[in-house]
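Participant: Would you be able to build a 3D model of this:
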Amino acid sequence: MKASRKLLALALVGMLAALALFVGCSSSSSSSSSTSGSQASASGSAASSAQADDSIVIGCSFIAGNLNPVDSAWDLTAHGISEGVYMQDAQGNLVSRFVSDLTRKDDLTWEAKLTNQVKFSDGTDCDAQALAGCLNYLQKNNEMTNGTAGVVTFTVVDDDTLEIVTTKPTPVMQSLLCEWCNVVFKQDGDNFIYTGPYMVKELDSDVSIALEPNPYYDDKAANRPNVLLKVFKDAATMQQAFQSGEIDIMFGLTPEVAKTLEAEGFTVKAFDAGYQYFAFANVASGPMADENVRQAVNMIINRDDMVTALNGGSVASGIFAHYYSFAGDVQEKTDVDAAASLLEAAGYTKNDKGIYEKDGQPLQVKLTTYSARADLPILMQLASSELTEAGIECSTEVVDDINTVLEGGAYDVVLYAQHTAPSGEPSAFLNMALAPGGSRNYANYENSEINDLLDQMGKTEPGADRDKLSKDIQAIVAEDLPIIYLVDPQWHVALSDRVSDYEPYCGDYYVVNAQLGL
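Facilitator: Numbering: from 1, shown residues only. The predicted structure is shown next:
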């Protein structure tokens, strides 16, 4: 019986790998709205424009739904339209075109000296007033900007200086200003105008987004090619488009597709995703509210099988990618016998069908994930097979908008993917996911020891002591399991000959960057 179930799981994995949607350059929830952007032209289709100007074409499963920075900041930066006050370069260093010097004055106060060398894509100056205005707007309208240091206030001191005051201490202001939600923009009526290397020519969120170089970005603007981000709703169509030369860059390859394209002579590059694959457990209600059940589920899941199925990556050791100094030291092990003891301690016994039950009710766990990350349905089916084999009834669901599921609270286990350190430091995600009221703390998890460690992080300078605080928090999470660690993935990107020198970095965050096509 065990062997047949294993074979069935592998067959399902193969089917999902063939059918899963690819993600190219977008966040986890999609928008079906069709909208015109502030920088978009009013005539002609994006596709026909691309054919006329020989754009670099990037395949995506979806793109930014609109140009509003509150809704679409991550996507807009991934598309090369917006940029943060600080950004990571290809070597992982934090760099800024806006700030020349950043000095801490006291626990809550910083001073930023500005370069005053950046222009918006309409040619106007990004001066101190514009910078303070957009950052204060985001602090007011996007709660995710408040995660690291509470509400932050930006005040113009003079033409060259901003004062930055935080609610909670943070020693990592550069990283805070690198968080994906802190992008630079200005409003012109209903329009949003940005400073990135590209500007929007035309946007239809169901179809494509056509980009042209921002002429005010730098002296290389005239050499940049136009770019077209084109939406594909199924994997087979995207693969065919790449093989036929219709698109130049294809992210989100499943292992099987990567092997196929390599065998056909295409350029396929593997790279560290930066993202982590993990699961949110509903610690507030349902079967996963029982810590013994959470620990049992954690012990039944076989991460080595997951890594094998994905043909790359490694078993996750915590919340962050292995190459960060603050990554966790957790060693996840599969132990079905220990899991059985935990379920028995929780009052469950196996019935004559081999299913755990208590008070006549079977132990049922629902696994949910979303279509935009091709690997996740594969991992979900593996986990479902293993849990079922161990005696836990499992159901599975793939949805388009996973954040609505999480925010609604009607879930047991949600398999999720997120770049947990796009600003190169740990406190932003740890506060979002684990602090009371955090924007990613969907089940209202609270642990006083973690709260104390988060407070200490706010007072500790980067270095070994701060890294240890991060590791200690991840160790506690591995015991409490509001988050279940799964896989530290490796991703693949397929490239046409014209972009074979393209090097992805920071996952799929900086897909369209200033070096593309040069």
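Participant: what residues are up against S72?
Facilitator: A64, G65, N66 (Cβ atoms under 8 Å, 6 or more residues apart in numbering). C-beta coordinates here come from the backbone N, C-alpha and C atoms, glycine included.
Participant: would you say it is within a strand?
Facilitator: No: per DSSP: H, G, I helix; E, B strand; the rest coil, S72 lies outside any strand segment and is helix.
Participant: all helices for the stretch 151-300 of the chain, in order.
Facilitator: If DSSP state H, counting those that start in this stretch is used as the criterion, the helices of the stretch 151-300 of the chain fall at 173-176, 235-243, 255-263, 291-300.
Participant: can you put those in JSON lines and add distance to T404?
Facilitator: JSON lines is the format used below for the helices of the stretch 151-300 of the chain (distance: least, Cβ to Cβ, whole Å):
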{"stretch": "helix 173-176", "distance to T404": "28"}
{"stretch": "helix 235-243", "distance to T404": "23"}
{"stretch": "helix 255-263", "distance to T404": "29"}
{"stretch": "helix 291-300", "distance to T404": "23"}
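Participant: This structure - how does it break down into domains?
Facilitator: 2-21+274-488, 46-74+196-272+492-499, 87-193 (automatic domain parsing).
Participant: So which of the ones you listed is nearest L518?
Facilitator: The minimum distance between L518 and the domains of the chain falls on domain 46-74+196-272+492-499, with 6.0 Å, by Cβ to Cβ.
Participant: Let me see the mean pLDDT of the closest one.
Facilitator: When pLDDT is averaged over domain 46-74+196-272+492-499, the result is 89.
Participant: do the same with stretch 398-417
Facilitator: Predicted confidence along stretch 398-417 averages 94 (mean pLDDT).
Participant: Off-centre distance for stretch 307-318?
Facilitator: Between the centre of stretch 307-318 and the centre of its host chain there is 17 Å, according to Cα atoms, centre = their mean, to the nearest Å.
Participant: Going by neighbour count, list what's buried in that stretch.
Facilitator: Applying a neighbour-count criterion of 16 or more other Cβ atoms under 10 Å, one finds V307, A309, L310, G312, G313, V315, A316, S317, G318 buried in stretch 307-318.
Participant: Make JSON lines from these and add pLDDT, distance to Y502 and secondary structure to it.
Facilitator: Formatted as JSON lines, the entries for the buried residues of stretch 307-318 read as follows, by pLDDT from 0 to 100; distance: Cβ to Cβ, whole Å; DSSP: H, G, I helix; E, B strand; the rest coil:
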{"residue": "V307", "pLDDT": "94", "distance to Y502": "26", "secondary structure": "helix"}
{"residue": "A309", "pLDDT": "91", "distance to Y502": "27", "secondary structure": "helix"}
{"residue": "L310", "pLDDT": "89", "distance to Y502": "22", "secondary structure": "helix"}
{"residue": "G312", "pLDDT": "84", "distance to Y502": "19", "secondary structure": "coil"}
{"residue": "G313", "pLDDT": "90", "distance to Y502": "21", "secondary structure": "coil"}
{"residue": "V315", "pLDDT": "96", "distance to Y502": "29", "secondary structure": "strand"}
{"residue": "A316", "pLDDT": "97", "distance to Y502": "27", "secondary structure": "coil"}
{"residue": "S317", "pLDDT": "97", "distance to Y502": "29", "secondary structure": "coil"}
{"residue": "G318", "pLDDT": "97", "distance to Y502": "30", "secondary structure": "coil"}
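Participant: Mind putting these into a markdown table with distance to Y445?
Facilitator: Supplementary listing: the buried residues of stretch 307-318 in a markdown table, determined by distance: Cβ to Cβ, whole Å:
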| residue | distance to Y445 |
| --- | --- |
| V307 | 27 |
| A309 | 29 |
| L310 | 28 |
| G312 | 31 |
| G313 | 26 |
| V315 | 23 |
| A316 | 19 |
| S317 | 20 |
| G318 | 16 |
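Participant: quick one: which of these is nearest to Q331?
Facilitator: Nearest to Q331 among the buried residues of stretch 307-318: S317, at 7.0 Å, using Cβ to Cβ.
Participant: how close does that closest one sit to A374?
Facilitator: Plainly put, S317 is 23 Å away from A374 if you go by Cβ to Cβ, to the nearest Å.
Participant: Show me the strands in the stretch 201-350 of the chain, by range?
Facilitator: Ranges of strands within the stretch 201-350 of the chain are 208-213, 227-231, 249-250, 267-272, 275-281, 314-315, 349-350, based on DSSP state E, counting those that start in this stretch.
Participant: wait, what's in contact with the nearest residue to A435 once chain neighbours are set aside?
Facilitator: The spatial neighbour of A435 that comes closest, neighbours along the chain excluded (Cβ to Cβ, 6 or more residues apart in numbering), is L454 at 5.7 Å. Remark: with contacts taken as Cβ under 8 Å, 6+ apart, L454 is in contact with S427, L430, N431, L434, A435, I473.
Participant: ok, now which ones touch the first one?
Facilitator: In other words, S427. T148, T170, V172, S175, L454, M457, G458, S470.
Participant: top of those residues by neighbour count?
Facilitator: For the contacts of S427, neighbours were counted by other Cβ atoms under 10 Å; the highest total belongs to T148, with 28 neighbours.
Participant: My understanding was that that one contacts C178; is that so?
Facilitator: No: taking contacts as Cβ atoms under 8 Å, T148 lies outside contact range of C178: 10.5 Å.
Participant: name the element the residue with the shortest distance to the centre of the chain belongs to?
Facilitator: When the chain is reduced to its mean C-alpha position, the nearest residue by Cα atoms, centre = their mean turns out to be Q418, at 3.1 Å. Counting by DSSP states H and E, the element that carries Q418 is strand 413-419.
Participant: circling back: closest to L211 out of the helices of the stretch 151-300 of the chain?
Facilitator: Using Cβ to Cβ as the measure, helix 235-243 is the one of those that comes nearest L211, at 18.4 Å.
Participant: and which of the contacts of S427 is nearest P422?
Facilitator: Here the nearest of the contacts of S427 to P422, counting by Cβ to Cβ, is S175; it sits at 9.6 Å.
Participant: which residues does that closest one contact?
Facilitator: Listed by Cβ under 8 Å, 6+ apart, the contact set of S175 reads Y86, L94, T148, S423, G424, E425, S427, A428.
Participant: at 10 Å instead, please
Facilitator: 86, 88, 94, 148, 421-428, 462 (Cβ atoms under 10 Å, 6 or more residues apart in numbering).
Participant: Out of those residues, name the ones that lie in helices.
Facilitator: Where the contacts of S175 overlap with helices, as defined by DSSP state H, the overlap consists of S427, A428.
Participant: Just the buried ones out of the contacts of S175, please.
Facilitator: In terms of neighbour count (16+ other Cβ under 10 Å), the buried residues within the contacts of S175 are Y86, Q88, L94, T148, A421, P422, S423, G424, E425, P426, S427, A428.
Participant: With that, I have no additional questions.
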